[in-house]
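In: Any chance you could fold what I've pasted below:
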Amino acid sequence: MHCITSAAHSILGQTGKDPSHFLIEEAGNLLFCLSQCHLYHCACLIFFLFFSPGKFLLPGASAAALLMLGVLHAKRMYDDKKLAERKEKGLEPEFEPDLKASFLRLLPLRSMSRFWGSLMEVELPVFMRPAVYKGWARAFHSNLQESALPLEEYPSLQAFFIRSLKEGSRPIDADPNCLVSPVDGKVLRLGQLRGPGAMIEQVKGFSYPVSSLLGASSSLHDTKEEDVSGDQTEQNTPEGSNAKSWWRVSVASPKLRDQTRLSPKRGIFYCVLYLHPGDYHRVHSPADWNIFKRRHFSGNLFPTNERAVRTIRNLYVENERVVLEGRWKEGFVAIAAVGATNVGSIKLLIEPELRTNSPGSTILPSQPYNELVYEPEGTGVMVKRGQEIAGFNMGSTVVIVFEAPLSKAREDGTVSSEFDFCIKAGDRIRVGEAIGRWSQS
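Out: Sure, this is the predicted structure:
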């Protein structure tokens, strides 16, 4: 409520600023309230602006609404306090659905997001742009020094939000044996996927199938089958064998050793990155790879902030998303760009005609996703590491699923070591920084 209280005091002239200056300088903060605060915060702001004391249109209904908003806000403060206490004790947040999560399902979030998008595209007078964008940057903690253009040259908040950066602002890790971050954001979850029906952890206490995120036709399923067939020696060993049992078996049997010694051992990993509204919102390639397919899933547009992750089931599976899938030098790779409230628009540079959150599109669970195979089939679109491939409007989430080496013995005697993440949950990361790497010795 701090942003709303601040805005209200400013409107009343209690800040000591000239009113005309305030309207320009605080525009970004007001937009911040409307775009990112909880719905009841927005209601409080609207109520304050349009209903002065003694002029209520519906006194009873207004009082009831204020009481409800106060109760909801008090509950949220209580929940946030409990969460902070758990973090201080080193306890991980757990999945805990609440009333607000159920209430969100009743709202027309797709229509609301389209409306917000149209407001974001309104062209601002040139003289107002620097002050508005600076106010926005203060609210979201954005670094304006990185902007490629002067502030006056961004005609709208939308253009400012998806702005490009100065050359060299995001250096790309030069290590060939690493995968780099495709976005600026916060690491929410990461890990390795194991076994059939592999699940990605949304939050402690709730996971969702990777197949539901990427689609039933994903080639990840074929990849896992190949890995299983390649690891038959491990599966046929007695129970209780450790993860390196395939190597012990190959040592015991020369014929088996010849077959398995040079076979690559790869694992499937994932990393979930949340883009705060103040982050740079373009998506870059995490590696040199060929994009074979694109899938567009029309879905809901729930928030994807950390609170929503803790309270909404199957958040990333239910939300609208675009999945790019292909192969890099180590095998399978896919990037899922997940939309959110006010982020119905996901732009693909390799397919500019794609439109997301279109009016009239359905969000039924049985609704099939739209898939496009890029030409030429089998080659697709080749992109280089660090190359820009997509962009978001407002804050959202990216999930990357990829194959990486576990171990591989080579004919020349060298051995590639196991892939290891360079990051952990809670870390901040930027485009071009290594997510994980492996080495050769």
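In: the longest strand in this protein is where?
Out: Identified as the longest strand of the chain according to DSSP state E is strand 396-409.
In: now for that strand, which elements pack on it?
Out: When contacts are defined as 3 or more C-beta pairs under 8 Å, 6 or more residues apart in numbering; DSSP states H and E, strand 396-409 sits against strand 178-180, strand 185-193, helix 210-214, strand 265-275, strand 331-338, strand 415-416. All C-beta atoms are positioned from the backbone trio N, CA, C, and that covers glycine.
In: Go again with 6 Å.
Out: On a contact count with 3 or more C-beta pairs under 6 Å, 6 or more residues apart in numbering; DSSP states H and E, strand 396-409 meets strand 265-275, strand 331-338, strand 415-416.
In: Name every strand pairing with the longest one and say which way it goes.
Out: The strands beside strand 265-275 in its sheet (DSSP bridges) come out as strand 185-193 (antiparallel), strand 396-409 (antiparallel).
In: show me where the stretch 101-250 of the chain has helices.
Out: Secondary structure of the stretch 101-250 of the chain by DSSP state H, counting those that start in this stretch: the helices cover 109-120, 129-140, 157-161, 210-214, 220-230, 232-235, 245-252.
In: remind me which residues of the stretch 251-400 of the chain are low pLDDT?
Out: Low-confidence segments of the stretch 251-400 of the chain (pLDDT under 70): 251-264, 343-344, 360-367, 394-395.
In: Now do the helices in it.
Out: In the stretch 251-400 of the chain, helices defined by DSSP H, counting those that start in this stretch lie at 254-260, 306-311, 315-318, listed in chain order.
In: What distance do you get for residue 115 to residue 357?
Out: According to C-beta to C-beta, to the nearest Å, residue 115 stands 11 Å off from residue 357.
In: Would you mind finding the most buried of the strands paired with strand 265-275?
Out: strand 396-409 (a mean of 22; mean count of other C-beta atoms under 10 Å).
In: Next, the angle from it to strand 331-338.
Out: Here strand 396-409 runs at an angle of 170 degrees relative to strand 331-338 (axes from the mean of the first three to the mean of the last three C-alpha atoms, to 10 degrees).
In: residues making contact with strand 396-409?
Out: Strand 396-409 is contacted by residues 183, 261, 264-275, 304, 330-338, 340, 343, 415-416, 418-419, 438 when judged by C-beta atoms under 6 Å, 6 or more residues apart in numbering.
In: In the stretch 1-150 of the chain, where is pLDDT below threshold?
Out: 1-91.
In: try it again with 50
Out: 1-58 (pLDDT under 50).
In: Distance check, the nearest residue to residue 171 once chain neighbours are set aside against residue 300.
Out: Once flanking residues are discounted, residue 171 sits nearest to residue 432: 5.6 Å by C-beta to C-beta, 6 or more residues apart in numbering. Distance from residue 432 to residue 300, counting by C-beta to C-beta: 32 Å.
In: try residue 391
Out: If you measure residue 391 against residue 300 using C-beta to C-beta, the figure is 21 Å.
In: Likewise for residue 349?
Out: In terms of C-beta to C-beta, residue 349 sits 25 Å off from residue 300.
In: One more: residue 384?
Out: 34 Å.
In: same thing with residue 316?
Out: With the distance defined as C-beta to C-beta, residue 316 ends up 11 Å from residue 300.
In: Go through stretch 199-211 and flag the buried ones.
Out: Buried residues in stretch 199-211, counted by 16 or more other C-beta atoms under 10 Å: 199-203, 206, 208, 210-211.
In: Return the item of the residues you listed having minimum pLDDT.
Out: Minimum pLDDT for the buried residues of stretch 199-211 is recorded at residue 203 (83).
In: OK, contacts around it?
Out: 95, 309-310.
In: which residues pair with it across the strands?
Out: residue 206.
In: ok, so what distance separates it from residue 332?
Out: Relative to residue 332, and taking C-beta to C-beta, residue 203 is found at 25 Å.
In: Also residue 122?
Out: 42 Å.
In: higher neighbour count, the two?
Out: Each of residue 122 and residue 332 has its neighbours counted (other C-beta atoms under 10 Å); residue 332 has more, 25 against 10.
In: For the more buried one, list each beta-bridge partner.
Out: Residues in a beta bridge with residue 332, per DSSP bridges, are residue 327.
In: For it, give its distance to residue 219.
Out: Counting by C-beta to C-beta, the gap from residue 332 to residue 219 is 6 Å.
In: Same check on residue 312?
Out: 29 Å.
In: More neighbours: these two, which one.
Out: Ranked by neighbour count (other C-beta under 10 Å), residue 312 and residue 219 place residue 312 first, with 26 against 16.
In: ok, the more buried one - contacts?
Out: Neighbours of residue 312 in contact, by C-beta under 6 Å, 6+ apart: 101, 302.
In: Quick check: it vs residue 93, distance?
Out: On the measure of C-beta to C-beta, residue 312 and residue 93 end up 14 Å apart.
In: Please apply the same query to residue 327.
Out: 35 Å.
In: Comparing these two, which shows the higher neighbour count?
Out: Shown here are residue 327 and residue 93; by other C-beta under 10 Å, residue 327 has more neighbours (19 against 16).
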